[in-house]
Each structure stands twice: as C-alpha cells, then as structure tokens.
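[1] Below: sequence and its predicted model.
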Amino acid sequence: MRVIYINSLVVMIFMLINPLYALAFTAVISVITEKVNNLIIATLYVLSFSLLFANQAIDNVSDLGAYVDMYQRTEGRTILSIFNSFIESPHAKEALWLYFCMAIGGISSYNPEFYIFSTYMLIFGLSAYLAFLYSENGIHNFCLILFSIIFFNITLMELGYNLWRNIIASIIFLIGVNKYFLIRSDLKSRVISRIIIYSSFLVHIAVLPMIALFEIYAFFSSERNKYLLVTKKSIAKYFLFIFLSIFGIFFLSNSIYKFVINDPSHFLYRAFSVYVGFAHEFSFKNYLSPLYVMLGGSIVVNWKRLTNSDFFILAVAIIFEILLMTNIEMNMIFARASIATQIGIIFISIKIFQQFNYKYSVAFICLIFVWRMRMLINNMDISGSHLFIKEVGQGEIFNHAYGLLLSTMHFYNPIFIGYFFSPI
C-alpha cells in the first residue's frame, strides 16, 4: 500500500509541477524510499520534458528551423531516392534520420508540431532507456541517473534542444556499446548490438570516429564480459589502445582531410568542409568542475566494478581531449563525436553513490539542483551556450506550476503569460 501512495504522489507532482522541479523532488523521494516505480518515472520524465521542449517558438534561421525544413522536404520522396542521395553525399542526408522524418510525415500529414514533439519524445525516450541500462537492474538508482543527465551536466538539455541528430546518434551509439558488453552475451546479441551501433552512423556521420574506436577497442579487449578484469596485461593493452588511437587518428585524419578537401567532387567533401574548427587551449580549470571531481572519485571507489563500456568511454574521452588540443584538421568532427563521451561520463560519475549512505545522494541532488537553477537563471539575459533556455517553453521553463496538465493545454496554443517572458 505504501508503494501505491508513493507512486501516486510522484504522478501528482509531475502533473502539477514543472518537470525541472518535479524530477528533483522525485529523485529525493526515490533515493530515500527506493519505492518509485521505474516505468512510471520513465513515462512521466519522457512526456513532461518532451512537452516542455516542444512548447517553444521556432526560429526559422536556427538548427530547429533547418530540421523542420529537412522534414518537410522528405514529402514525396521514396525510400530508394533517400538511400541513393545518402550514398552520393552522406552529410545532412543520413538515411535513417530521413526515414524517421518520412514516417512521422506519413502519420501526421507533415504537421511540423507533431514532428517536433515526436523528435523530443525520441530523444528523451532513448535517454531514459540508456539510463535504465546503466542502472544495471537496480544496482544504481534509476531516478538519480535521470536527474543527473538533466542537471549534473546539461549536455542533454543543451544539445537535445536543437542538435537533434547529434544527440540521438550519440545515445543510440551508447545503447549499442552498453548492450555489447552484457554478461554471457552470445554471437546473436553481439550482432544485434553492432547493428545498433552502426545505425547511429545513419543518423549522424559525426559518430563515425566513435564506431571506429569501438571496433579497435573490441579487438584489443580480450575480456568479453560486462566487467573488465583489471590486470597488468589488461591495463597495458588499454593504454596501448589509447596511444595507438591518438597516433593513428592524428596522422590519418590530416592525410584523409587533405585528400578530400582538394577534390570538391568527393562524396565527403561537403562534410569535411563543414567540420573544421580550432584547437582548444588546455586549462586545468576545465577539469576542476564537480563532474570531473566525482568522476575521479567514482573511478577510485569503483575500479573493480567499472564495466568494459565504462573503460571504453573513459579511453575515448582521453583520446578526444588530447586530439582537440592539437592542430588536427578535423577537430570539429571529434568535438561532435565527443558528445557521446560527455553523456557516458555522467553515468560513470554517478556510480560513486553506490558505496555511500542515501544522505549523500540527497545532499548531491539538493546542491546540484540549486547550483544549476541559479546558473541557468543568471544566464537568461546572456547570449552564449545557454541562450536556448530563453526559447524552451516560451518562457515557462522556470514556472513552478508548469506541470503536465498546464503544458498539455499550452501545447502550441499558448494562452498563459510567460513566467519570465511574454509568449511569442
């Protein structure tokens, strides 16, 4: 009976309260009682955040406007024509993504509002499933993980807002990698896992470096179980993988880039000409954030319980961090590919709470929530990385009463005055 009361309370919280606040409250309840049903919280999480993000003003000159235009241009196209255009020039013509657009268009008669809401449902649905995989059947608190991927590092919120293909491809890739290293996984499951991993490339080609590194890691790793047996041999192979990957990528990518960029007729020319950036400057301050402090603590505390997928994410994160501080020609594509490692690091960091009393988890939730909300509110009038906050919910993102009931009525027909801004 107590379980029913607790889950009913969680439902009411999400129905009446803004999901940003509701998720924090529910995470505290879940950590203290451990009685919150995972399916219920996943459903509420996906619906509430999808509506919150879908109820926004679309800027036609933004990435969102480009995605809506891409969606509408799939009308009248055939499956074969999409596949052929992807083979000719894959950048921004990824077949699986355009098939998704065609499917949504066929269902909704190419209604843009339905497409936007469906895409956010896909983003948050995939992130909830990935969080469930990383919870390892209840070893780690599922609701705490959901809270962390929203608040601890706002990569999902920031990139999920408008870089749809990047974030979806990264999450699909992580799902495939996580499934690949399941205990007692047989040949059939490994084939399915690889299909999932390679399908991410058909959503956004920027994950190609991640796929290549996964195959190299799978070759180097003699362990086929979920948890990596830490020995001198495995550690030596691990660092050899990192060293050879950095060395090989640095020289191969520059050579490939120069070959492609000098041939405008090459099918990768457009992609390579877009993904050109500048090297990042090294600074210790970048690694003194709470995320990296907790990551270090989690590695120290749980080094015997880190999975093969965790070690892979850590290795690739090191590889990309080093590459992004060099003058490598294609560092922009590595920056996009590193989205997957940014998300994966969150899951590894949260594992630290498995070893401590629930009071530490509650303190973490409260501190991170207050710190993050203060940061977001302070950035409301500042252009930059958090400018997206102004658009989400058409000003209702900080409205404490903007729960599922209110957001459903607000859906693309704003009838309420914004909490901070007037509706557009």
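    Cool, got the structure.
[2] Might one say that residue 142 is in contact with residue 130?
    No: checked against CB atoms under 8 Å, the pair residue 142 and residue 130 is beyond contact range at 11.1 Å. Where you see a C-beta, it was placed from the backbone N, CA and C, and this is true even at glycine.
[3] more crowded one of these two?
    Taking other CB atoms under 10 Å, residue 142 and residue 130 do not tie; residue 142 has more neighbours (24 against 21).
[4] ok, so what distance separates the more buried one from residue 207?
    To residue 207, residue 142 is 25 Å away according to CB to CB, to the nearest Å.
[5] what does residue 350 give?
    The gap separating residue 350 from residue 207 is 23 Å, by CB to CB.
[6] ok, now residue 117?
    25 Å.
[7] the more surrounded of those two?
    Using other CB under 10 Å, the more surrounded residue of residue 117 and residue 207 is residue 207, with 28 against 20.
[8] Residues touching the helix or strand harbouring residue 24, excluding its own?
    Using DSSP states H and E, residue 24 falls within helix 19-33. Applying CB atoms under 8 Å, 6 or more residues apart in numbering, the external contacts of helix 19-33 come out as 6, 9-10, 13-14, 17, 36, 41, 44-45, 48-49, 52, 141-144, 146-147, 150-151, 358, 361-362, 365-366, 369, 373, 397-398, 400, 403-404.
[9] just the buried members of those residues?
    Neighbour counting with 16 or more other CB atoms under 10 Å marks 6, 10, 13-14, 17, 36, 41, 44-45, 48-49, 52, 141-144, 146-147, 150-151, 358, 361-362, 365, 369, 397-398, 403-404 as buried within those.
[10] when you check those residues against the strands, which ones overlap?
    Among those, none falls in strands (DSSP state E).
[11] Restricted to helices, list these.
    Those of the buried ones among the contacts of helix 19-33 mapping onto helices are 6, 10, 13-14, 41, 44-45, 48-49, 52, 142-144, 146-147, 150-151, 358, 361-362, 365, 369, 404, per DSSP state H.
[12] any idea how far the nearest residue to residue 16 once chain neighbours are set aside lies from residue 309?
    Nearest non-adjacent residue to residue 16, counting by CB to CB, 6 or more residues apart in numbering: residue 403, 4.4 Å away. Counting by CB to CB, the gap between residue 403 and residue 309 amounts to 35 Å.
[13] How about residue 301?
    18 Å.
[14] Check residue 19 too.
    Residue 19 is 28 Å from residue 309, by CB to CB.
[15] Over to residue 161?
    Using CB to CB, residue 161 is found at 26 Å from residue 309.
[16] Neighbour count: these two, which is higher?
    residue 309 (25 against 22).
[17] quick one: secondary structure of that one?
    Recorded secondary structure, residue 309: helix (DSSP: H, G, I helix; E, B strand; the rest coil).
[18] so it makes contact with residue 176?
    No: applying CB under 8 Å, one finds residue 309 not in contact with residue 176, separated by 9.8 Å.
[19] Now for residue 132, how many residues are close by?
    Count around residue 132 with other CB under 10 Å applied: 17.
[20] Could you tell me the model confidence score at it?
    pLDDT, residue 132: 94.
[21] Name the nearest residue to it, sequence neighbours excluded.
    Closest residue to residue 132 apart from its sequence neighbours, by CB to CB, 6+ apart: residue 142 at 6.1 Å.
[22] How confident was the prediction at the one you found?
    pLDDT at residue 142 comes out at 95.
[23] Quick check: it vs residue 176, distance?
    20 Å.
[24] ok, the residue nearest to residue 16 to residue 409 distance?
    To residue 409, residue 403 is 11 Å away according to CB to CB.
[25] swap in residue 128?
    24 Å.
[26] what does residue 255 give?
    Going from residue 255 to residue 409 by CB to CB gives 57 Å.
[27] Other residues contacting the one helix or strand residue 211 maps to?
    Secondary structure from DSSP H and E places residue 211 in helix 208-220. Helix 208-220 has contacts (CB under 8 Å, 6+ apart) with 170, 173, 177, 180, 197-198, 200-201, 237-238, 240-241, 244-245, 249, 312, 315-316, 319, 333-334, 337, 340.
[28] longest helix of the chain?
    Counting residues, the longest helix found in the chain (DSSP H) is helix 232-261.
[29] State the mean pLDDT of that one.
    Rounded mean pLDDT across helix 232-261 is 80.
[30] Compute the inter-axis angle for that helix and helix 208-220.
    Inter-element angle recorded for helix 232-261 and helix 208-220: 150 degrees (by axes from the mean of the first three to the mean of the last three CA atoms, to 10 degrees).
[31] helices and strands around helix 232-261, which ones?
    Using 3 or more CB pairs under 8 Å, 6 or more residues apart in numbering; DSSP states H and E, the elements in contact with helix 232-261 are helix 208-220, helix 269-274, helix 308-323.
[32] Deepest-packed of those helices, please.
    Among these, helix 308-323 has the highest mean neighbour count (mean count of other CB atoms under 10 Å), at a mean of 22.
[33] Give me the residue ranges of the stretch 301-424 of the chain where confidence is low.
    Residue ranges of the stretch 301-424 of the chain with pLDDT under 70: 327-330, 378-396, 410-424.
[34] please redo it, this time with the cut-off set to 80
    For the stretch 301-424 of the chain, the stretches with pLDDT under 80 are 304, 325-333, 354-355, 375-399, 409-424.
[35] Go through the host helix or strand of residue 297 and flag the buried ones.
    Using DSSP H and E, residue 297 sits within helix 290-301. Across helix 290-301, burial judged by 16+ other CB under 10 Å covers 291, 294-295, 298-299.
[36] Report the lowest-confidence entry in the residues you listed.
    On pLDDT alone, residue 291 ranks lowest of the buried residues of helix 290-301, at 85.
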